[in-house]
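Q: With the sequence up front, the predicted model follows.
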Amino acid sequence: MSILQEMQEAVISGNAGKVKECAEKAVAESIEVSAILNDGLIAGMNVIGVRFKNNEVYVPEVLVAARAMHAGMAVVKPLIAAADIQEKGTVVIGTVKGDLHDIGKNLVMMMLEGAGYKVIDLGIDVLSEKFVQAVEEHKPDIVGLSALLTTTMTQMKATVEQLQPYRNRVKVMVGGAPVTQKFADEIGADAYAPDAASAVDKAQELLAS
Ligand code: B12
């Protein structure tokens, strides 16, 4: 098995130590950073994403795989800037004001990172003004809003409204257990995704549109 295949398997099985070891070995063998990312780390996360979508693995496995992927990312991150690798896009993400749930948002974040996006995490209980500030500061392609409470879904609407002046250059994607496509349409969001793997697909579609 090649070192990148080994790395991929280690991401899938969530073995952070092994991923780190493989990444260090790959760097020492002068394997290109883009190959380490695409054929090792991201490829592993993609497998997990598909399995998660098909209910073959569940939240704990995804979190463990994402943590393993991060261990590899930490090794190659310093080389990414040097190698001038194009990120697919930038996503600013957060859980809206009044809402403290972040497990789902973190999963979405990790899957997006795993798919090659730069993700800026604003955390939980995020005021709509803070989303606006982040758009001005980071100039993202996509803003992701998460809400897990029916009571905080209204905050999504408020945030979409506040982002209105920027909508020609930033797309808004929403999600969270109570959120539906119908609700997303009602508040004028550009996309809705029911889970982390679909969020990656939607992000791809948004950037292509
Ligand atoms: C864990 C949990 C908590 C934890 C949160 C810990 C944390 N760090 O997140 C704690 C204990 C803090 C908590 C608190 C509360 N909770 Co709570 N909580 C849950 C629980 C059990 C699981 C949520 C979860 O993490 N699911 C797993 C993740 C992976 O799924 P997910 O969040 O849906 O995310 C996926 C998708 O929705 C999507 N997604 C999520 N975000 C985004 C964003 C984008 C952009 C996209 C595209 C997709 C996307 O992708 C994710 C991955 O696939 C749910 C019940 C449930 N089964 O949903 C209740 C639940 C959400 N909680 C509930 C309630 C009522 C509360 C409290 C008000 C309880 C209380 N009385 O204090 C407080 C509110 C605190 C607050 N202000 O937010 C209710 C909400 C009811 C409602 N409809 O409004 C639920 C549904 C439980 C219930 N049946 O009553 N909670």
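A: That came through, no problem. Numbering: from 1, shown residues only.
Q: From Leu149, how far out is Gly44?
A: Distance, Gly44 to Leu149, by C-beta to C-beta, to the nearest Å: 33 Å. Just so you know, the C-beta spots here come from the backbone N, C-alpha and C atoms, and that holds for glycine as well.
Q: and what of Gly188?
A: On the measure of C-beta to C-beta, Gly188 and Leu149 end up 20 Å apart.
Q: of the two, who's got more company?
A: Neighbours per residue, other C-beta atoms under 10 Å: of Gly188 and Leu149, the larger number sits with Leu149, 17 against 13.
Q: List phi and psi for the closest residue to that one other than its chain neighbours.
A: Leaving aside its sequence neighbours, Leu149 sits nearest to Asp99 (C-beta to C-beta, 6 or more residues apart in numbering; 5.5 Å). Taking degrees, to the nearest 10, you get phi -120, psi 130 for the backbone angles of Asp99.
Q: per-residue confidence for Asp99?
A: Asp99 carries a pLDDT value of 97.
Q: Share the number of residues neighbouring it, please.
A: Asp99: 23 surrounding residues under other C-beta under 10 Å.
Q: Next up, the contacts around it.
A: Ile124, Asp125, Ser146, Ala147, Leu148, Leu149, Thr152, Gln155 (C-beta atoms under 8 Å, 6 or more residues apart in numbering).
Q: So which of those reach the ligand?
A: Ser146, Leu148, Leu149 (C-beta under 6 Å from any ligand atom).
Q: Provide a list of residues in contact with the closest residue to the first one other than its chain neighbours.
A: Across the structure, with C-beta to C-beta, 6+ apart as the measure, the residue nearest Ser146 apart from its sequence neighbours is Lys105 (4.0 Å). Residues in contact with Lys105, defined by C-beta under 8 Å, 6+ apart, are Ile93, Gly94, Thr95, Asp121, Ile124, Gly144, Ser146, Gly176.
Q: host element of Glu87?
A: According to DSSP states H and E, Glu87 maps onto no helix or strand at all.
Q: Quickly note the distance from it to Asp185.
A: For Glu87, the distance to Asp185 equals 29 Å [C-beta to C-beta].
Q: Could you pull out the helices in this protein for me?
A: Counting by DSSP state H, one finds helices in the chain at the ranges 3-13, 16-28, 33-35, 43-53, 59-83, 103-114, 128-138, 153-162, 181-187, 196-208.
Q: Which ChimeraX command selects the buried ones in the contacts of Asp99?
A: Buried residues among the contacts of Asp99 (16 or more other C-beta atoms under 10 Å), as a ChimeraX selection:
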select :124,125,146,147,148,149,152,155
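Q: Columns pLDDT on top of the contacts of Asp99, output as TSV?
A: Below are the contacts of Asp99 laid out as TSV (pLDDT from 0 to 100):
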residue	pLDDT
Ile124	98
Asp125	98
Ser146	98
Ala147	98
Leu148	96
Leu149	97
Thr152	98
Gln155	97
